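# Sequence first, then the predicted structure, then my questions.
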Amino acid sequence: MIIKNDYPILEYSTERKAVINPDRDASKSDRDGQDSGGFERFPRLCLVTFFEEVLAGAVERYGGEKIGTYVSEMKDFHVYRFTVDGTEICAVQAVVASGSIAMMTEMLYGCGVEAIVCCGGCGVLDDIPEGAVILPVRALRDEGASYKYLPPARFIELQSGPIECFRKVLSGHGIPYIECATWSTDGFYRETREMVAYRREEGCKAVEMECAAMAAIAQFRGKVFGQLLYSGDILTGDAEDYDDRDWNNNVSARERLFYLAMEALCML
């Protein structure tokens, strides 16, 4: 049944089976060692990270084996399997924005993944030091993909299981962190000063592009999802004073977050 609305983005289909389903390639495997778009079954636990260079280091460190490829017009995103302290996981570099990450998330769940932990950077809407660890507990759904999986709602609550694992890991290492709502938006160049102020009034301290969509897909599919972020650029000043703080070159923050996320993943 289709729940109709004057605005197409808010229309929702209750039918669970689509014309193209994410598990259609799960039984296929790469032929003759070539990337065919097919996959073998993946481990239950998956780390999705935006940090390409940190992932490459982990693959080398743990002897990662390529087990599949998410084929995109941007590039091929390889999925690697390796073992961390006796726990088998897989890991992949994330694509950017809600529509793209929705397709990758579906592929991972369709190929046998049961729990995803995602780690990435974010903008901040408050005076938060660069590199600070941020733990989203809810996401404001200001993007498109989540509305294809769940009926319209302003926020989506993130699952308590991964949040508790993050808390244990961070507290165990004595690392301070900020729990907050995150603003998931598709409008990177529409984060106006008045909109930033409005989102701050709603309790958002972080802004990114993927969390709401990934959380919605996990809820729809009956899977597990959690996210950990680090503070990147800051959006609290005037447009002329915008400071990106060179956030995507914060190597120490990226490496630290990756291995904290991995530790939490292994607890799920």
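Noted; the coordinates are in hand.
# Could you use CA atoms for every contact and neighbour count after this?
Will do.
# got the residue ranges for the helices in the stretch 151-268 of the chain?
Taking DSSP state H, counting those that start in this stretch as the criterion, the stretch 151-268 of the chain contains helices spanning 160-172, 193-201, 211-221, 251-265.
# Out of the ones you listed, flag the one nearest residue 139.
Evaluated with C-alpha to C-alpha, the helices of the stretch 151-268 of the chain place helix 211-221 nearest to residue 139, the distance being 5.3 Å.
# where are the low-confidence patches of the stretch 151-268 of the chain?
The stretch 151-268 of the chain contains residues with pLDDT under 70 at 237-241.
# one step back: and among the helices of the stretch 151-268 of the chain, the most buried is which?
Highest mean neighbour count of the helices of the stretch 151-268 of the chain: helix 211-221, a mean of 24 (counted as mean count of other C-alpha atoms under 10 Å).
# starting at the chain centroid, how far to that one?
How far helix 211-221 lies from its chain's middle: 10 Å, per C-alpha atoms, centre = their mean, to the nearest Å.
# can you check stretch 213-222 too?
With C-alpha atoms, centre = their mean, you get 11 Å for stretch 213-222.
# Could you number the chain from 158 rather than 1 from now on?
Will do, 158 is the new start, and the previous item becomes stretch 370-379.
# what's the pLDDT at the closest residue to residue 370 other than its chain neighbours?
Leaving aside its chain neighbours, residue 370 sits nearest to residue 303 (4.4 Å; criterion: C-alpha to C-alpha, 6 or more residues apart in numbering). Residue 303 is assigned a predicted lDDT (pLDDT) of 98.
# circling back: closest to residue 255 out of the helices of the stretch 308-425 of the chain?
Of the helices of the stretch 308-425 of the chain, nearest to residue 255 by C-alpha to C-alpha is helix 368-378, at 5.7 Å.
# re earlier: let me know which of the helices of the stretch 308-425 of the chain is the nearest to residue 269.
helix 368-378 (11.8 Å).
# Now do the same for the residue nearest to the spatial centre of the chain: helix, strand or coil?
The chain has residue 275 as the residue nearest its centroid, 4.2 Å off, counting by C-alpha atoms, centre = their mean. Secondary structure assignment for residue 275 (DSSP: H, G, I helix; E, B strand; the rest coil): strand.
# Hmm, it is touching residue 202, no?
No - contact criterion C-alpha atoms under 8 Å: residue 275 and residue 202 do not qualify, at 11.2 Å.
# which residues of the stretch 158-307 of the chain score low on pLDDT?
Within the stretch 158-307 of the chain, the stretches with pLDDT under 70 are 182-196.
# change it to 50
Within the stretch 158-307 of the chain, the stretches with pLDDT under 50 are 184-194.
# Quick one: the strands in it, in order.
Along the stretch 158-307 of the chain, the stretches classed as strands by DSSP state E, counting those that start in this stretch are 159-160, 169-170, 202-206, 222-228, 233-241, 244-250, 272-281, 290-299.
# Need the ones you listed in TSV (columns: distance to residue 343).
Shown next, in TSV, are these (distance: least, C-alpha to C-alpha, whole Å):
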stretch	distance to residue 343
strand 159-160	23
strand 169-170	19
strand 202-206	19
strand 222-228	22
strand 233-241	22
strand 244-250	19
strand 272-281	13
strand 290-299	7
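# And these: which comes nearest residue 400?
strand 272-281 (10.2 Å).
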